[in-house]
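J.: Sequence and predicted structure, then a few things I'm wondering about:
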Amino acid sequence: MSREFTKVGVIGLGTMGAGIVEVFARNGIDVVAVDANDEAVERGRSFLAKSTGRALDRGKIDQAAHDALHGHVTYATEFTALADCQLVVEAVPEHLDLKKEIFAELDTIVAPDAILATNTSSLPVTEIAASTSTPMRVVGMHFFNPAPVLQFVEVIRTVITADDVFEDVKALAERLGKKPVIVGDKAGFIANALLFGYLNHAVSMFESRYATREDIDAAMKLGCGYPMGPLALLDLIGLDTAYEILDTMYKQGRDRLHAPSPIIKQMVSAGLKGRKTGRGFYTYA
Ligand code: CAA
């Protein structure tokens, strides 16, 4: 019998985590939203409020739906709050050791038939699964930014993921209005494997002063019909996240395309991480 999913957890309330919370809550699922401390929880709460406020202003939801959405979310700083969740999605920064630690702890807290999912975009799901005593219930559930808007979800099946686990996650993604695809556990899965070489190439073009940021972005937006140019997209993704993804893909594949352009790391060190810090390739109000 397939799982119902009436209550789920999300760990990590950054750009992706807050977006994932919104997706579940909008679909009437209770969400326990967890981050490490009160400050991080508050930041997540304000990401969510900003996004749902915009959806309200744009007429995507009415006031009642807006309020109901927020009514489905509770916030916590302890993993014990996740004990009765049927699924927990982890969306913390892309550090393998951190994710392994989290999964090892979750394994001892949630019910034995609950599913543990990672939103990692490039780290090995198999290794994360191996940090638990029940790797068959660990799966990748990779959303795209902005999660409330983009309709694609990659469900990552490792060699040990149980059939019912990825089938239930796939059915859940459909219930959330997404188009799920099942992919194997290889860095970048489908979308990032295709996307990040292109983004990195755009950065090296900018870094070598071959063209201005505006012209690079205009080429892809106006010339190719992409919704946004590559440098603006990197600002949306976050340069810290982009660096981690490129670095992981480079280490796994050793192809020059994914060797992170040096300026990405420099910008991250200088705090220019994109929209979330108010400045990246562009400056935001
Ligand atoms: N809920 C529901 N709808 C929302 C919303 C929300 N919280 N926020 C925005 N929307 C809707 C808007 O109402 C709007 O809808 P209409 O077009 O019907 O009016 C639509 O979403 C677009 O929003 P905006 O008008 O505010 O912004 P935009 O038109 O400039 O589009 C964008 C912004 C959606 C980000 C678009 O530029 C886009 O799709 N860009 C590409 C993003 C992309 O490639 N993401 C993938 C990154 S890679 C990744 O995420 C993987 C990884 O692992 C890093």
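T.: That came through, no problem. Numbering: from 1, shown residues only.

J.: Met136: what's it in contact with?
T.: With C-beta atoms under 8 Å, 6 or more residues apart in numbering as the criterion, the residues that contact Met136 are 129, 160-162, 165. C-beta: built from backbone N, CA, C; applies to glycine.

J.: and the residue in the stretch 1-150 of the chain that the ligand sits nearest to, which of the three is it?
T.: Going by C-beta to the nearest ligand atom, the ligand is nearest to Ser121 of the stretch 1-150 of the chain, at 3.0 Å. The three-state assignment at Ser121 reads coil, by DSSP: H, G, I helix; E, B strand; the rest coil.

J.: ok, the contacts of Met136 vs Gly53, which is closest?
T.: Val165 (35.2 Å; C-beta to C-beta).

J.: Just to check, Val181 is in contact with Val155?
T.: Yes: contact between Val181 and Val155 holds when scored by C-beta atoms under 8 Å: they sit 6.9 Å apart.

J.: quick one, which of the two is more surrounded?
T.: When Val181 is set against Val155 and neighbours are counted by other C-beta atoms under 10 Å, the residue ahead is Val155, at 24 against 16.

J.: Which strand or helix spans the more buried one?
T.: Val155 is part of strand 152-156, with elements assigned from DSSP states H and E.

J.: next helix or strand past the helix or strand hosting Thr126?
T.: With elements taken from DSSP H and E, the one containing Thr126 is helix 125-130. Next along the chain after helix 125-130, taking DSSP H and E as the criterion, comes strand 138-142.

J.: Tally up the residues packed near the residue nearest to Gly28 when sequence neighbours are not counted, please.
T.: Leaving out its chain neighbours, the residue that sits closest to Gly28 by C-beta to C-beta, 6 or more residues apart in numbering is His72, at 6.8 Å. Look at His72: counted by other C-beta under 10 Å, it has 17 neighbours.

J.: Could you export the longest helix seen in the chain as PDB, CA atoms only?
T.: Secondary structure of the chain read by DSSP state H shows that its longest helix is helix 38-57. Extracted as PDB, the C-alpha positions of helix 38-57 are listed here (Å, rounded to 0.1, in the frame of the first residue of the first chain):
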ATOM      1  CA  ASP A  38      16.200  30.700  15.600                       C
ATOM      2  CA  GLU A  39      18.000  33.100  13.300                       C
ATOM      3  CA  ALA A  40      18.000  30.600  10.400                       C
ATOM      4  CA  VAL A  41      14.400  29.700  11.100                       C
ATOM      5  CA  GLU A  42      13.400  33.400  11.000                       C
ATOM      6  CA  ARG A  43      15.300  33.800   7.700                       C
ATOM      7  CA  GLY A  44      13.400  30.800   6.300                       C
ATOM      8  CA  ARG A  45      10.100  32.200   7.500                       C
ATOM      9  CA  SER A  46      10.700  35.500   5.800                       C
ATOM     10  CA  PHE A  47      11.700  33.700   2.500                       C
ATOM     11  CA  LEU A  48       8.400  32.000   2.600                       C
ATOM     12  CA  ALA A  49       6.500  35.100   3.500                       C
ATOM     13  CA  LYS A  50       8.100  37.000   0.600                       C
ATOM     14  CA  SER A  51       7.300  34.300  -1.900                       C
ATOM     15  CA  THR A  52       3.700  33.700  -0.800                       C
ATOM     16  CA  GLY A  53       3.200  37.500  -0.600                       C
ATOM     17  CA  ARG A  54       4.300  37.700  -4.300                       C
ATOM     18  CA  ALA A  55       2.000  34.800  -5.200                       C
ATOM     19  CA  LEU A  56      -0.900  36.700  -3.500                       C
ATOM     20  CA  ASP A  57      -0.100  40.000  -5.200                       C
END
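
J.: neighbouring contacts of whichever helix or strand comes after that helix?
T.: Scanning forward in sequence from helix 38-57, with DSSP H and E defining helices and strands, the next element found is helix 63-71. The set of residues that contact helix 63-71 without belonging to it, under C-beta under 8 Å, 6+ apart, is 22, 25-26, 28, 48-49, 52, 55-56, 61.
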